[in-house]
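Asks: Just to be clear, the model below is a prediction. Sequence and coordinates:
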Amino acid sequence: MFRTGFVTIIGKPNVGKSTLTNKLVGDKVSIVSFRPQTTRDRILGIVNGEDYQLIVVDTPGIHSPKNRLSEYMMKSVSSSVEGVDGVVYVIACDKRLEEDEVKQIAKYSKGEAPVVVVINKCDEAKQEDIFKRMDMLKDIKNIVAIIPISARTGKNIDMLLEELVKLLPEGEARYEEDEMTDKSTSFIVSEYIREKALKLLGDEVPYGVGVVITKFSERENGIVDIEADLVCEKQAHKSIVIGKGGAMIKEISTKAREDIEKLLGTQVYLNLFVRVKEDWRNNPVVLKNLGYKEDELE
């Protein structure tokens, strides 16, 4: 019997949802940084086993929307828990589990999809901290399992995967064996660039960076030429992104190119440009150009 189906990973920002997605898939399909709300769109990661195909939906962190982009992100989360075969709610040992989040988990457990709660970052936690969180969740009905894991080290990932496969119905594989995500190569490249920008810029340009791929072409000798715009919200941010003598934009480009070359398996020439789009996170036209299409979430 072959099983196949969808499981959505949800939780607050910075609990390790994207790291977990990448660990399950066995490759990097979601970008990771210390910044909350790094993931802005839902991303499918495809996990192929001998008798199953698990399609994992990585989602933005649950938060209170403050602009149109945030509203899009939360709409993405809501639509991602509909019609799936299971929901993984991730909490982390380095963050307090508040009563309002316990109530939120209880709310999801009343939905159609069974819920598995994952306690992440348990490799760095004391046993009593793990047991305390499990005790706070013990009275919630309809939770299939509570599993302490480390998405970073892989601890108990096999146990989690076994539990998730049980939730899948019988059916045929939806994707080819060598596919890891539903996202285009161009999308993944833009995310790699954004990841490096988030990590290198620190708190100097808070959240207001988007990436648009403007050129993606392959030469006869296999070398790939890529051009992309880094979109920031304010003129003052532009000089920060560029850096003194162009040092920052060069470092972003160099580190992003390293990941892109691993992804494509070939030499890459990457040119980045910085553009200013005032308040772009509230501009529906700019958001659409950046790939955030609200109509696809209906």
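Replies: Yes, it's here.
Asks: Run through the strands of the stretch 51-200 of the chain in chain order.
Replies: For the stretch 51-200 of the chain, the strands identified by DSSP state E, counting those that start in this stretch occupy 52-58, 86-92, 115-120, 143-148, in order along the chain.
Asks: Nearest to Glu177, out of these?
Replies: Closest to Glu177 of the strands of the stretch 51-200 of the chain is strand 52-58 (C-beta to C-beta; 8.5 Å). No exception for glycine: its C-beta is placed from N, CA and C like everyone else's.
Asks: which outside residues touch that closest one?
Replies: 2-9, 17-18, 21, 24-25, 29-30, 39, 42-47, 80, 84, 161, 164-165, 168, 173-175 (C-beta atoms under 8 Å, 6 or more residues apart in numbering).
Asks: Ok, stretch 183-197 next?
Replies: With contacts defined as C-beta under 8 Å, 6+ apart, stretch 183-197 is touched by 29-33, 38, 43-44, 181, 205, 209-213, 216, 226, 228, 230, 241, 251-252, 255-256, 259-260, 263-264, 270, 272, 291.
Asks: average model confidence for it?
Replies: For stretch 183-197, mean pLDDT is 87.
Asks: measure stretch 213-231 end to end?
Replies: Using C-alpha to C-alpha, to the nearest Å, the end-to-end distance of stretch 213-231 comes to 11 Å.
Asks: Also stretch 178-185?
Replies: Stretch 178-185 has an end-to-end distance of 14 Å (C-alpha to C-alpha).
Asks: Pull out the buried residues from the contacts of strand 52-58.
Replies: Buried subset of those (neighbour count, 16 or more other C-beta atoms under 10 Å): 3-9, 17-18, 21, 24-25, 29-30, 39, 42-47, 80, 84, 161, 164-165, 168.
Asks: Just the ones of those residues in strands?
Replies: 3-9, 43-47 (DSSP state E).
Asks: residue ranges for the helices of the protein, please.
Replies: Taking DSSP state H as the criterion, the chain carries its helices at 17-25, 68-80, 99-109, 127-137, 157-167, 185-201, 235-242, 247-264, 284-289.
Asks: Export those helices as a markdown table, with columns for distance to Ile146.
Replies: Formatted as a markdown table, these follow (distance: least, C-beta to C-beta, whole Å):
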| stretch | distance to Ile146 |
| --- | --- |
| helix 17-25 | 15 |
| helix 68-80 | 21 |
| helix 99-109 | 10 |
| helix 127-137 | 5 |
| helix 157-167 | 10 |
| helix 185-201 | 30 |
| helix 235-242 | 42 |
| helix 247-264 | 34 |
| helix 284-289 | 37 |
